[in-house]
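Student: Prediction below, plus the sequence it came from.
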Amino acid sequence: MTDRYAVIGNPIGFSKSPLIHGMFAQACGQDMEYTAIEGPPGGFAGAVDAFRALGGKGLNITAPFKLDAFAYATERSERAQLAGAANAMKFDGERVVAENFDGVGLVRDVTHNLGCQLQGKRVLLLGAGGAARGALLPFLAQAPAELVIANRTVARALELQAMGAAQANVRGCGYSDLAGQTFDVVFNATSASLRAELPPVPASVFAPGCLAYELAYGKGLTPFLRLAQNAGTRRLADGVGMLVEQAAEAFAWWRGVRPDTRAAIERITIALV
Ligand code: NDP
């Protein structure tokens, strides 16, 4: 019998997840279907109940339901707990297991696809929302020399600092504290790019040879990437690779086989142009 999976969000028409998982299923010879569900505002639990009643095996979760998914679960991975949010769920009878693969997907894209190791590097993370929280543990597992988290609301950056303090050299701060500092890798995990805005990061943060990574995707050269480029940064990336890699992690978790991601990254990049 064909196993059923889906992505749930609102709006959901833009989602590339059905395309990505369709490619993975075909490449790995998996008998599964993967659809998109537009969850009604305030109606996440009802929509998931209905999907499970029809035999659904697992879901990806996108905005605005990542917190609802975390609350809905009966078990939560450490990564999901730290992020306080879930982007994947697996159903097994009454058990609902929540995971968060955003951070591991991001690290895999940076280290494997882009060939940029974080070990020993000075890393700057802009933003302290869901994506930044999800990235915290996977970043620290790479043993950067220093991880600085800058956020508009400084208290949220300090919260992340406290979460990671036991494990590494982590520091939370505001944007004005970045003056005079340079970094080997700079991640924009703010949602500013979705509104074509620029977080107030000084152009001086980009060290020579720096990688500037924009988590948003399909937005072309965002104000953040343009700032990095104008500052002389040649290594620019957006979040397409992260999107595909987190999908591959979920696929492997559900199906026990990890798909190759190159073809999907190329296809999604073209689809977004
Ligand atoms: P959240 O809403 O959880 O967090 C938003 C963050 O952006 C907060 O830290 C907020 O600061 C900050 N922010 C918003 N506007 C501005 C601004 N104008 N200037 C400075 N800071 C700003 O969003 P997410 O963490 O879920 O998403 C962040 C980004 O990551 C989005 O672009 C999203 O598309 C992308 N993303 C990409 C994925 C992928 O697979 N490629 C997966 C998940 C997310 P404050 O705390 O002060 O409000």
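Tutor: Received, thanks.
Student: And the residue of the stretch 151-273 of the chain that's closest to the ligand?
Tutor: Minimum separation of the stretch 151-273 of the chain from the ligand (Cβ to the nearest ligand atom) falls at G239, amounting to 2.7 Å. All C-beta atoms are positioned from the backbone trio N, CA, C, and that covers glycine.
Student: Just confirm that residue contacts F224, I think it does.
Tutor: No: with contact defined as Cβ atoms under 8 Å, G239 does not count as touching F224 (11.5 Å).
Student: any residues in contact with both of those two?
Tutor: The overlap between the contact sets of G239 and F224 (Cβ atoms under 8 Å, 6 or more residues apart in numbering) consists of E214.
Student: where's the residue of the stretch 151-273 of the chain closest to the ligand relative to A157, distance?
Tutor: Here the criterion is Cβ to Cβ, to the nearest Å. By it, G239 lies 21 Å from A157.
Student: Q30 now?
Tutor: 41 Å.
Student: quick one: which of the two has more around it?
Tutor: In this view Q30 and A157 are compared by other Cβ atoms under 10 Å, and A157 has more residues nearby, 26 against 19.
Student: Excluding covalently adjacent residues, which one is nearest to that one?
Tutor: G172 (3.4 Å; Cβ to Cβ, 6 or more residues apart in numbering).
Student: Which element is encountered next along the chain beyond whichever helix or strand the one you found is part of?
Tutor: Under the assignment given by DSSP states H and E, the secondary-structure element containing G172 is strand 170-173. Taking DSSP H and E as the definition, the helix or strand that follows strand 170-173 towards the C-terminus is strand 183-188.
Student: Quick one: mean pLDDT over that next one.
Tutor: Taken as a whole, strand 183-188 has a mean pLDDT of 98.
Student: near the ligand at all, it?
Tutor: No: on the criterion Cβ under 6 Å from any ligand atom, strand 183-188 is out of touch with the ligand, staying 7.6 Å away.
Student: gap between that strand and the chain center?
Tutor: For strand 183-188, the distance between its averaged C-alpha position and the chain's averaged C-alpha position is 15 Å (Cα atoms, centre = their mean, to the nearest Å).
Student: Show me what counts as buried in the following helix or strand past it.
Tutor: The helix or strand immediately downstream of strand 183-188 is strand 206-214, counting by DSSP H and E. For strand 206-214, burial by neighbour count (16 or more other Cβ atoms under 10 Å) applies to F206, A207, C210, L211, A212, Y213, E214.
Student: do the same with stretch 120-127
Tutor: In terms of neighbour count (16+ other Cβ under 10 Å), stretch 120-127 has its buried residues at K121, R122, V123, L124, L125, L126, G127.
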